[in-house]
Every structure is written in structure tokens, then in C-alpha cells.
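Participant: Provided below for reference: sequence and predicted model.
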Amino acid sequence: MFSLFYGLWKYTFSKLEFHVLILGIDKAGKTTLLERFKSQYSNLEGLPPDRIVPTVGLNIGRVEVSNTKLVFWDLGGQPGLRSIWEKYYEEAHAVIFVVDAASPSRFEDSKSALEKVLWHEDLQGAPLLILANKQDLEEAVSSDELARYLDLKKLDERVYTFQSVSAFDGLGIKESVNWLVDAMERSKRSETLRVRAGSNVV
């Protein structure tokens, strides 16, 4: 009887854990975004923007939102590092793709990188959050303008959204994370990964 109640308690009170990839080309603000997540959702003080250096490899951040644990994998976006992205696809519940909305000259590079991500079979069904970052800069385009440029109409079967954010001052961060958690909780991919792990805890 004890084991039955313990199992029920563990199922009810244990936190779901989701793995989220933070991708995008270099200088999009991915690591600044990760530090913003850490400072906003945990007791850890994130690095100030002026102390953040380009990522070579992987940065990991863990935060809790409501009853959910989020593990963020921030991967370097330089052309020579993008080939390692796919090594993390299979275990990812969702993808955050960050675009520097203040650098339209680099949108084509972002679009090309994003398309390669989306067509990879190991990421099928993963919810996609596209962030038009650096909204604190006057020249930044809105998420609607970025959506028109990236033109993702072919992705009707994938759950995705665009959000205007500033990793620098926190604009749109809470709304983005709330959408992401809700999308992952509803995602068939999350259920698939849960079954694969052989546990009720993702």
C-alpha cells in the first residue's frame, strides 16, 4: 500500500523536465538570452551582457517554471560549429531559434540555418519558438516583419510562433517561456520522449 501511495505522490508532485535547444547564427544573442532566463527564473544571477563571449561549443542552463524544469542547451552559431547542432536533436523537446532582428543583412543566413534545422528528421514534431531578438535597438524589425521574411507557411503541421523579445532588457521573455512550456506539455513529441525514457517524468 505504501508503494502505491508513494508512486501516486511521486507522479503528482514530481516536476516535468524538458530539454530545449537554443539555436541561431552567431551574434544573434543566444547566450544573452540564456543568461536572462537564468536571472529571471532562478536564484542565479546571469552574466551581464558586456561579459558574455561567443559560445564555442555548449552552454547549459537549468531553471524552473511553475511545476516544470527546463534544461536549455545553448549551442554556438558560427558556421563551423553548426554541424554539431544535430548531435542534440534527438533528445530535444523543443527549439528556440534566435534571430538578430536589428541585422536584416543576416536574415538570409538565419533563414538558411533554420531550414536545415526544421527539415532534420530527428526534430520532427518539436515545437518551434522563433525570437526576433534585440528589440531594445531602434532598427530592429518586429516579429511580424521577421515572420513575413522567413515565410514558414510550409510548416503548418508544426506548432510554432514568433515573438518579439529583448534578451538585454527582458521584453517578451515571460510570454515566450509561457508559450514554450504550454506547447511542450501538449506536444506529441514530448509524449514520445517520455515513453522512450520509460518514465512518467519526461
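Facilitator: Received, thanks. Numbers count the residues shown, from 1 in each chain.
Participant: OK, contacts around Asp144?
Facilitator: Going by Cβ atoms under 8 Å, 6 or more residues apart in numbering, Asp144 touches Phe162. C-beta: built from backbone N, CA, C; applies to glycine.
Participant: does it lie in a helix or a strand, and which?
Facilitator: According to DSSP states H and E, Asp144 maps onto helix 143-150.
Participant: buried residues, that helix. List them.
Facilitator: Neighbour-count burial for helix 143-150 flags Ser143, Glu145, Leu146, Ala147, Leu150 (criterion: 16 or more other Cβ atoms under 10 Å).
Participant: which element follows that helix toward the C-terminus?
Facilitator: Moving toward the C-terminus from helix 143-150, the next helix or strand (DSSP H and E) is strand 160-164.
Participant: show me what that following strand is packed up against.
Facilitator: If you count contacts as 3 or more Cβ pairs under 8 Å, 6 or more residues apart in numbering; DSSP states H and E, strand 160-164 packs onto strand 128-133, helix 143-150, helix 173-186.
Participant: any idea of the mean pLDDT for the last one?
Facilitator: This points to helix 173-186. Regarding helix 173-186, the rounded mean pLDDT is 96.
Participant: before we move on, what about the second one?
Facilitator: For helix 143-150, the mean per-residue pLDDT is 95.
Participant: so how far is the helix holding Asp144 from its chain's centroid?
Facilitator: 18 Å (Cα atoms, centre = their mean, to the nearest Å).
Participant: what's the angle from it to strand 128-133?
Facilitator: For helix 143-150 against strand 128-133, the angle by axes from the mean of the first three to the mean of the last three Cα atoms, to 10 degrees is 120 degrees.
Participant: what angle do helix 143-150 and strand 160-164 make?
Facilitator: Going by the same axes, to 10 degrees, helix 143-150 makes 130 degrees with strand 160-164.
Participant: just to revisit the earlier point, quick one, which of the helices and strands packed on strand 160-164 is nearest to Ile84?
Facilitator: Ile84 lies closest to strand 128-133 among the helices and strands packed on strand 160-164, at 19.5 Å (Cβ to Cβ).
Participant: which strands or helices does the closest one pack on?
Facilitator: Packed against strand 128-133, as judged by 3+ Cβ pairs under 8 Å, 6+ apart, are the following elements: strand 94-100, helix 143-150, strand 160-164, helix 173-186.
Participant: can you redo the ones you listed as a markdown table with distance to Pro79?
Facilitator: Converted to a markdown table, the helices and strands packed on strand 128-133 look like this (distance: least, Cβ to Cβ, whole Å):
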| stretch | distance to Pro79 |
| --- | --- |
| strand 94-100 | 15 |
| helix 143-150 | 19 |
| strand 160-164 | 24 |
| helix 173-186 | 26 |
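Participant: how about the helices in this protein?
Facilitator: 2-13, 30-41, 107-118, 143-150, 173-186, 188-197 (DSSP state H).
Participant: ok so, going back, quick check: angle from the helix holding Asp144 to strand 94-100?
Facilitator: Angle of helix 143-150 versus strand 94-100, following the same axes, to 10 degrees, is 100 degrees.
Participant: and the residue sitting nearest the centre point of the chain, bridged to which residues?
Facilitator: Nearest residue to the geometric centre of the chain (Cα atoms, centre = their mean): Ile96, 2.8 Å. Using DSSP bridges, the bridge partners assigned to Ile96 are Ile22, Leu129.
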